[in-house]
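A.B. asks: 3D model of this:
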Amino acid sequence: MKGAYKPRSDIALTLEIVDAIVERIKSGEPITRRGCSYLLLDYLPSQEKVPVSTYTSWLRRGTIPLGSKDGYTLQDLVEEAREAYREEFKKDMVRRAEGVFSDGLNMVISQPAVLKRINESGKIEQYNGRVIIPKVAEVRQRVAEFVVRKLDPKTYGDSTKIQFTSGFNLPELRRAKERHDVLLRLKEEVIQ
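C.D. replies: Below you'll find the predicted structure:
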(Lines give C-alpha, C1' and ligand atoms only; values in the text may rest on other atoms or scores of the structure.)
Protein backbone atom coordinates (compact mmCIF):
# COMPACT_ATOMS: atom_id res chain seq x y z
CA MET A 1 0.00 0.00 0.00
CA LYS A 2 1.59 3.18 -1.18
CA GLY A 3 1.70 6.12 1.24
CA ALA A 4 0.38 4.12 4.18
CA TYR A 5 1.22 5.37 7.67
CA LYS A 6 4.02 3.39 9.27
CA PRO A 7 4.08 3.67 13.08
CA ARG A 8 7.33 4.58 14.80
CA SER A 9 9.21 1.67 16.24
CA ASP A 10 10.79 3.30 19.26
CA ILE A 11 12.94 1.34 21.64
CA ALA A 12 11.90 1.47 25.27
CA LEU A 13 14.31 3.38 27.49
CA THR A 14 15.29 0.79 30.08
CA LEU A 15 17.55 1.09 33.08
CA GLU A 16 20.12 -1.17 31.33
CA ILE A 17 20.40 1.26 28.43
CA VAL A 18 20.66 4.22 30.82
CA ASP A 19 23.38 2.43 32.84
CA ALA A 20 25.35 1.67 29.67
CA ILE A 21 25.11 5.31 28.53
CA VAL A 22 26.07 6.67 31.95
CA GLU A 23 29.03 4.28 32.34
CA ARG A 24 30.33 5.21 28.91
CA ILE A 25 30.09 8.93 29.69
CA LYS A 26 31.74 8.52 33.11
CA SER A 27 34.65 6.60 31.56
CA GLY A 28 35.20 9.37 29.00
CA GLU A 29 34.34 7.23 25.99
CA PRO A 30 32.13 8.67 23.24
CA ILE A 31 28.57 7.44 22.94
CA THR A 32 28.21 8.54 19.32
CA ARG A 33 30.52 8.92 16.36
CA ARG A 34 30.18 11.03 13.25
CA GLY A 35 28.56 9.01 10.52
CA CYS A 36 27.38 6.26 12.85
CA SER A 37 23.61 5.94 13.19
CA TYR A 38 23.61 3.89 16.41
CA LEU A 39 24.90 4.58 19.92
CA LEU A 40 28.30 3.07 20.68
CA LEU A 41 27.19 0.85 23.56
CA ASP A 42 28.14 -2.71 24.47
CA TYR A 43 25.08 -4.52 23.17
CA LEU A 44 24.05 -8.03 24.12
CA PRO A 45 23.14 -10.27 21.16
CA SER A 46 19.47 -10.14 22.15
CA GLN A 47 19.45 -6.33 22.50
CA GLU A 48 18.28 -4.03 19.75
CA LYS A 49 20.71 -1.26 18.83
CA VAL A 50 19.67 2.25 19.88
CA PRO A 51 19.58 4.79 17.03
CA VAL A 52 21.15 8.19 17.69
CA SER A 53 17.89 9.88 16.69
CA THR A 54 16.01 7.92 19.38
CA TYR A 55 18.63 8.93 21.96
CA THR A 56 18.34 12.63 21.06
CA SER A 57 14.55 12.31 21.14
CA TRP A 58 14.73 10.85 24.66
CA LEU A 59 16.90 13.77 25.74
CA ARG A 60 14.69 16.39 24.11
CA ARG A 61 11.42 14.99 25.48
CA GLY A 62 12.73 14.42 28.99
CA THR A 63 12.05 10.68 28.96
CA ILE A 64 12.10 8.86 32.29
CA PRO A 65 13.55 5.31 32.13
CA LEU A 66 11.16 2.39 32.61
CA GLY A 67 11.28 1.07 36.18
CA SER A 68 12.87 4.25 37.51
CA LYS A 69 11.88 4.95 41.11
CA ASP A 70 13.56 8.32 41.54
CA GLY A 71 11.87 10.11 38.62
CA TYR A 72 15.08 11.45 37.03
CA THR A 73 14.95 12.01 33.28
CA LEU A 74 17.63 10.77 30.91
CA GLN A 75 18.82 14.37 30.52
CA ASP A 76 19.33 14.63 34.30
CA LEU A 77 21.25 11.35 34.44
CA VAL A 78 23.44 12.23 31.45
CA GLU A 79 24.25 15.67 32.86
CA GLU A 80 25.10 14.12 36.23
CA ALA A 81 27.41 11.60 34.51
CA ARG A 82 29.09 14.38 32.52
CA GLU A 83 29.64 16.39 35.68
CA ALA A 84 31.13 13.32 37.42
CA TYR A 85 33.47 12.80 34.46
CA ARG A 86 34.51 16.48 34.46
CA GLU A 87 35.19 16.33 38.19
CA GLU A 88 37.28 13.15 37.86
CA PHE A 89 39.15 14.58 34.87
CA LYS A 90 39.87 17.78 36.82
CA LYS A 91 41.16 15.78 39.81
CA ASP A 92 43.37 13.71 37.50
CA MET A 93 44.82 16.85 35.89
CA VAL A 94 45.47 18.40 39.30
CA ARG A 95 47.19 15.17 40.45
CA ARG A 96 49.40 15.20 37.36
CA ALA A 97 50.23 18.88 37.78
CA GLU A 98 51.01 18.37 41.47
CA GLY A 99 53.28 15.48 40.48
CA VAL A 100 55.15 17.72 38.03
CA PHE A 101 55.28 20.45 40.67
CA SER A 102 56.72 18.11 43.34
CA ASP A 103 59.16 16.65 40.81
CA GLY A 104 60.28 20.20 40.07
CA LEU A 105 60.84 20.87 43.75
CA ASN A 106 62.88 17.69 44.14
CA MET A 107 64.79 18.16 40.88
CA VAL A 108 68.47 18.95 41.12
CA ILE A 109 69.15 22.19 39.30
CA SER A 110 72.81 21.43 38.69
CA GLN A 111 74.82 18.33 38.00
CA PRO A 112 78.49 17.41 38.47
CA ALA A 113 80.63 17.72 35.37
CA VAL A 114 84.26 17.72 34.33
CA LEU A 115 84.94 21.15 32.85
CA LYS A 116 87.84 22.46 30.81
CA ARG A 117 89.40 25.90 30.93
CA ILE A 118 92.49 27.59 29.66
CA ASN A 119 94.81 28.65 32.47
CA GLU A 120 97.07 31.70 32.51
CA SER A 121 99.89 29.93 30.70
CA GLY A 122 97.56 28.95 27.82
CA LYS A 123 97.28 25.27 28.68
CA ILE A 124 93.95 23.46 28.88
CA GLU A 125 93.24 22.11 32.34
CA GLN A 126 90.33 20.07 33.62
CA TYR A 127 88.56 20.61 36.88
CA ASN A 128 85.48 19.29 38.63
CA GLY A 129 82.53 21.63 38.67
CA ARG A 130 78.78 21.80 38.32
CA VAL A 131 76.66 22.62 35.27
CA ILE A 132 73.26 24.21 35.69
CA ILE A 133 70.46 22.31 33.97
CA PRO A 134 68.53 24.42 31.43
CA LYS A 135 65.26 26.10 32.33
CA VAL A 136 63.17 22.99 31.62
CA ALA A 137 62.52 22.42 35.31
CA GLU A 138 61.42 26.01 35.82
CA VAL A 139 59.12 25.98 32.79
CA ARG A 140 57.53 22.66 33.79
CA GLN A 141 56.96 24.01 37.29
CA ARG A 142 55.33 27.21 35.99
CA VAL A 143 53.03 25.24 33.69
CA ALA A 144 52.06 22.91 36.54
CA GLU A 145 51.35 25.88 38.82
CA PHE A 146 49.17 27.47 36.12
CA VAL A 147 47.20 24.23 35.66
CA VAL A 148 46.49 23.70 39.35
CA ARG A 149 45.56 27.35 39.89
CA LYS A 150 43.06 27.27 37.02
CA LEU A 151 41.58 23.86 37.82
CA ASP A 152 41.48 24.10 41.61
CA PRO A 153 41.27 27.80 42.54
CA LYS A 154 39.87 27.13 46.03
CA THR A 155 43.02 25.27 47.09
CA TYR A 156 45.65 27.17 45.12
CA GLY A 157 44.18 30.66 45.31
CA ASP A 158 43.76 31.84 41.74
CA SER A 159 40.62 33.93 41.49
CA THR A 160 41.07 35.11 37.92
CA LYS A 161 38.74 33.56 35.41
CA ILE A 162 39.46 32.74 31.81
CA GLN A 163 37.17 34.89 29.68
CA PHE A 164 36.22 34.07 26.15
CA THR A 165 35.49 36.81 23.68
CA SER A 166 31.86 37.06 22.66
CA GLY A 167 32.50 39.02 19.49
CA PHE A 168 35.26 39.91 17.12
CA ASN A 169 37.14 42.49 19.13
CA LEU A 170 40.44 42.72 17.26
CA PRO A 171 42.71 43.75 20.19
CA GLU A 172 41.34 40.93 22.36
CA LEU A 173 41.86 38.43 19.56
CA ARG A 174 45.46 39.63 19.10
CA ARG A 175 46.16 39.28 22.83
CA ALA A 176 44.59 35.81 22.83
CA LYS A 177 46.76 34.83 19.84
CA GLU A 178 49.88 36.12 21.62
CA ARG A 179 49.00 34.17 24.78
CA HIS A 180 48.36 31.08 22.66
CA ASP A 181 51.76 31.46 20.95
CA VAL A 182 53.50 31.83 24.32
CA LEU A 183 51.81 28.69 25.63
CA LEU A 184 52.83 26.78 22.51
CA ARG A 185 56.43 27.90 22.95
CA LEU A 186 56.36 26.86 26.62
CA LYS A 187 54.91 23.49 25.67
CA GLU A 188 57.64 22.97 23.07
CA GLU A 189 60.30 23.88 25.64
CA VAL A 190 58.82 21.39 28.11
CA ILE A 191 58.82 18.63 25.51
CA GLN A 192 62.44 19.28 24.57
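A.B. asks: what residues does stretch 43-53 touch?
C.D. replies: For stretch 43-53, contacts defined as Cβ atoms under 8 Å, 6 or more residues apart in numbering pick out 11, 16, 17, 32, 36, 37, 38, 39, 41. Glycine gets a C-beta too; all of them are placed from N, C-alpha and C.
A.B. asks: what's the burial count for the nearest residue to the third one once chain neighbours are set aside?
C.D. replies: Across the structure, with Cβ to Cβ, 6 or more residues apart in numbering as the measure, the residue nearest residue 17 apart from its sequence neighbours is residue 50 (6.2 Å). As a burial measure, residue 50 scores 21 neighbours (other Cβ atoms under 10 Å).
A.B. asks: Likewise for residue 24?
C.D. replies: For residue 24, the neighbour count with other Cβ under 10 Å is 18.
A.B. asks: That one and residue 183: what is the separation?
C.D. replies: Using Cβ to Cβ, to the nearest Å, residue 24 is found at 31 Å from residue 183.
A.B. asks: that older thread, now which of the contacts of stretch 43-53 would you call buried?
C.D. replies: By neighbour count, with 16 or more other Cβ atoms under 10 Å, the contacts of stretch 43-53 hold 17, 38, 39, 41 as buried.
A.B. asks: Farthest pair within these?
C.D. replies: Using Cβ to Cβ, the two most remote members of the buried ones among the contacts of stretch 43-53 are 17 and 38, lying 12.0 Å apart.
A.B. asks: Would you confirm that residue 67 contacts residue 14?
C.D. replies: Yes. With contact defined as Cβ atoms under 8 Å, residue 67 and residue 14 form a contacting pair (7.1 Å).
A.B. asks: phi, psi of the most far-flung residue of the chain relative to its centre?
C.D. replies: Distance from the C-alpha centroid of the chain peaks at residue 121, with 60.6 Å (Cα atoms, centre = their mean). Phi and psi for residue 121, reported as degrees, to the nearest 10, are phi -90, psi 0.
A.B. asks: Tell me the confidence at it?
C.D. replies: pLDDT, residue 121: 81.
A.B. asks: can you check residue 131 too?
C.D. replies: With respect to pLDDT, residue 131 scores 64.
A.B. asks: now do the one 5 residues further on
C.D. replies: Per-residue confidence at residue 136 stands at 62 (pLDDT).
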